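K.L.:
Model the structure of this input:
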Amino acid sequence: MALFVEVVKAKGFRGAAEATGVPNSTLSRRISALEKAIGLRLLHRTTRKVEPTEAGRIYFERCKRIVDEARLAHEQLGEMLAQPSGVLRASLPVDFAVIYMAPLIAEFAERYPGITFDLDLTPRQVDLVSEPFDIAIRMGEPASSHLIARPLASFVPHLYASPRYLERSGEPQEPADLERHECLNILKANTWTLHQGKESTQVSTSSRFTINSVGLIRRMATLGMGIMLVPDAVVTDDLAAGRLVRVLGHWHGKPTPVYALTETRLLPAKTQRFIEFLRERLGQTEGGFPVE
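P.N.:
Below is the predicted model:
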């Protein structure tokens with residue numbers, strides 16, 4: 001049953017063999033024996049791919065939960081004797097991983113030497129059901145209601161620019177002044193909503209640049225190309241070095257939530273510890289606070 005689940009998840013015997021360490025021939029023989037015992041064909045096999053039959057899809061949905069629960073039962077017993085171990089497969093946004101998470105992952109790895117890491121840095125929304133990820137970390141509200149979303153922290157963005165840019169273009173004194181400035185925005189966003197206490201205002205922004213990377217936006221700002229709206233922790237080093245200064249200091253953007261997404265609530269110890277660690281440490285990061 002567990003091997004069948006791995007074959008369906010990997011969409012083939014080769015991927016399942018790599019994930020389980022069980023040879024292709026053994027996998028095929030075990031699945032054939034399972035089909036014979038059940039009396040139904042569970043997989044369509046071709047030379048190019050392996051897909052579940054209608055019966056196979058139904059069986060997979062039931063088996064996956066049973067296998068997860070069995071694995072957790074074994075793991076919980078093992079936790080009495082050893083720390084969490086195994087491969088932690090995580091999908092992370094590129095800039096968030098580089099700016100925020102690299103030192104945290106290093107700290108977590110030192111704390112749990114039995115865990116190895118398979119980290120995929122990508123802006124795409126990975127499929128946690130069909131792809132072999134234990135967890136995805138995402139900024140912003142979750143797009144899918146079918147996943148389990150655990151809030152980790154929330155980060156408050158502020159306005160920053162380089163002294164060079166402000167010397168050349170002048171420093172805005174109020175939010176409306178931003179409409180006359182080069183505002184470095186993520187992708188094609190053309191408005192910023194700013195808050196000061198209970199007061200809020202929406203500002204139209206424009207830029208010569210369309211950028212999909214917070215890291216590149218930060219670099220362009222240090223080069224004097226405009227004003228940006230980002231969480232404080234993104235610019236800690238640049239502020240200390242004098243490459244950036246805060247603009248309109250009493251105003252800030254809408255807090256950005258950070259979530260850990262999983263396909264199930266039945267999590268192995270390595271994933272549970274990772275989520276707990278991130279919730280604890282991200283809430284301590286400058287510019288961030290934990291979310292209950």
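
K.L.:
Before we move on, what's the pLDDT of Arg71?
P.N.:
With respect to pLDDT, Arg71 scores 82.

K.L.:
wait, I meant Ala82
P.N.:
62.

K.L.:
Likewise for Val291?
P.N.:
47.

K.L.:
For the closest residue to Pro255 other than its chain neighbours, name its beta-bridge partners.
P.N.:
Among residues not flanking Pro255 along the chain, Ser154 sits closest, at 4.3 Å (C-beta to C-beta, 6 or more residues apart in numbering). All C-beta spots, glycine's among them, are computed from the backbone N, C-alpha and C. Under DSSP bridges, the beta-bridge partners of Ser154 are Pro257, Phe289.

K.L.:
cool, and Ser206?
P.N.:
Applying DSSP bridges, one finds that Ser206 bridges with Glu182.

K.L.:
Wait, the residue nearest to Pro255 touches His252, no?
P.N.:
No: Ser154 lies out of contact with His252 (C-beta atoms under 8 Å); the separation is 11.9 Å.

K.L.:
What separation is there between the residue nearest to Pro255 and Phe13?
P.N.:
Using C-beta to C-beta, to the nearest Å, Ser154 is found at 44 Å from Phe13.

K.L.:
who's more crowded, these two?
P.N.:
More crowded of Ser154 and Phe13, by other C-beta atoms under 10 Å: Phe13, with 22 against 19.

K.L.:
what about that one, distance to Leu34?
P.N.:
Distance from Phe13 to Leu34, by C-beta to C-beta: 13 Å.

K.L.:
next one: Glu174
P.N.:
Taking C-beta to C-beta, one finds Glu174 at 69 Å from Leu34.

K.L.:
quick one: which of the two has more around it?
P.N.:
Set side by side, Glu174 and Leu34 show more neighbours around Leu34, with 17 against 11, by other C-beta under 10 Å.

K.L.:
Could you find the closest non-adjacent residue to Tyr100?
P.N.:
Counting by C-beta to C-beta, 6+ apart, the residue nearest Tyr100 is Ala233, at 6.3 Å.

K.L.:
what's around that neighbour, how many residues?
P.N.:
Neighbours of Ala233 (other C-beta under 10 Å): 15.

K.L.:
and stretch 229-247, C-alpha only, in PDB?
P.N.:
Taking C-alpha atoms only, stretch 229-247 is exported to PDB below (Å, rounded to 0.1, in the frame of the first residue of the first chain):
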ATOM      1  CA  LEU A 229       8.200  49.800   0.000                       C
ATOM      2  CA  VAL A 230       9.600  46.700   1.700                       C
ATOM      3  CA  PRO A 231       9.900  45.100   5.200                       C
ATOM      4  CA  ASP A 232      12.700  46.500   7.400                       C
ATOM      5  CA  ALA A 233      14.600  43.200   7.500                       C
ATOM      6  CA  VAL A 234      15.200  43.400   3.700                       C
ATOM      7  CA  VAL A 235      17.300  46.500   4.100                       C
ATOM      8  CA  THR A 236      19.000  46.100   7.500                       C
ATOM      9  CA  ASP A 237      22.500  45.900   6.000                       C
ATOM     10  CA  ASP A 238      21.900  48.800   3.600                       C
ATOM     11  CA  LEU A 239      20.600  51.000   6.400                       C
ATOM     12  CA  ALA A 240      23.700  50.300   8.500                       C
ATOM     13  CA  ALA A 241      26.000  51.100   5.600                       C
ATOM     14  CA  GLY A 242      24.200  54.300   4.700                       C
ATOM     15  CA  ARG A 243      23.200  53.000   1.300                       C
ATOM     16  CA  LEU A 244      19.500  53.600   2.100                       C
ATOM     17  CA  VAL A 245      17.400  55.800   4.400                       C
ATOM     18  CA  ARG A 246      13.800  55.600   5.500                       C
ATOM     19  CA  VAL A 247      11.400  58.000   3.800                       C
END
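
K.L.:
Thanks a lot, catch you later.
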